[in-house]
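Visitor: Sequence first, then the predicted structure:
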Amino acid sequence: MNTICIMCPMGCGLKIEKVGEEIRVSGNTCKRGEAYGKAEFTHPVRTVTTLIKLEGGGVASCKTDAPVPKERVSDVVAYIGTLTIGRDAKIGDRLHASLDGLETDIVITGTPTSGC
């Protein structure tokens, strides 16, 4: 597997392969790249950023407070799509989400807008 490391501004091109029971990472210039490559190979996670609907129309930006397993990203996006928050929401407000064993908070990250 080939990927780009996102742990620092270097953006090293990583080659990740499993040899026997060992996961080998090459192309990294620091230890963080090796750790990232191994994690990305075994159990990739992502912080989800999207928009959440406002009562009366418009949207606000939001994100998960912690990375979620990559295979659950679409579940999280679908769940957020069912939510509507009040127009008085402000940056930093949190909504607790419990999705079939996935516990995370949804954090408002942008000022609510009235839309385009």
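Guide: Yep, it's here.
Visitor: Identify each buried residue in stretch 94-105, please.
Guide: Across stretch 94-105, burial judged by 16 or more other C-beta atoms under 10 Å covers 97, 104. C-beta here means a position set from N, CA and C on the backbone, and glycine is covered the same way.
Visitor: average pLDDT across it?
Guide: Stretch 94-105 carries an average pLDDT of 84.
Visitor: Outside of that stretch itself, list whatever touches it.
Guide: Here stretch 94-105 makes contact (C-beta atoms under 8 Å, 6 or more residues apart in numbering) with 64-66, 68-69, 72, 75-76, 79-80, 83, 85, 106-108.
Visitor: CA atoms only for that stretch - export them in PDB, please.
Guide: Provided in PDB are the C-alpha atoms of stretch 94-105 (Å, rounded to 0.1, in the frame of the first residue of the first chain):
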ATOM      1  CA  ARG A  94     -21.200  19.900  21.500                       C
ATOM      2  CA  LEU A  95     -23.800  17.400  20.600                       C
ATOM      3  CA  HIS A  96     -23.300  13.900  21.900                       C
ATOM      4  CA  ALA A  97     -23.700  11.100  19.400                       C
ATOM      5  CA  SER A  98     -24.100   7.400  20.100                       C
ATOM      6  CA  LEU A  99     -24.100   5.300  17.000                       C
ATOM      7  CA  ASP A 100     -24.100   1.600  17.500                       C
ATOM      8  CA  GLY A 101     -21.200   1.500  19.900                       C
ATOM      9  CA  LEU A 102     -19.400   4.600  18.500                       C
ATOM     10  CA  GLU A 103     -19.400   7.300  21.100                       C
ATOM     11  CA  THR A 104     -18.300  10.700  19.900                       C
ATOM     12  CA  ASP A 105     -19.200  14.400  20.300                       C
END
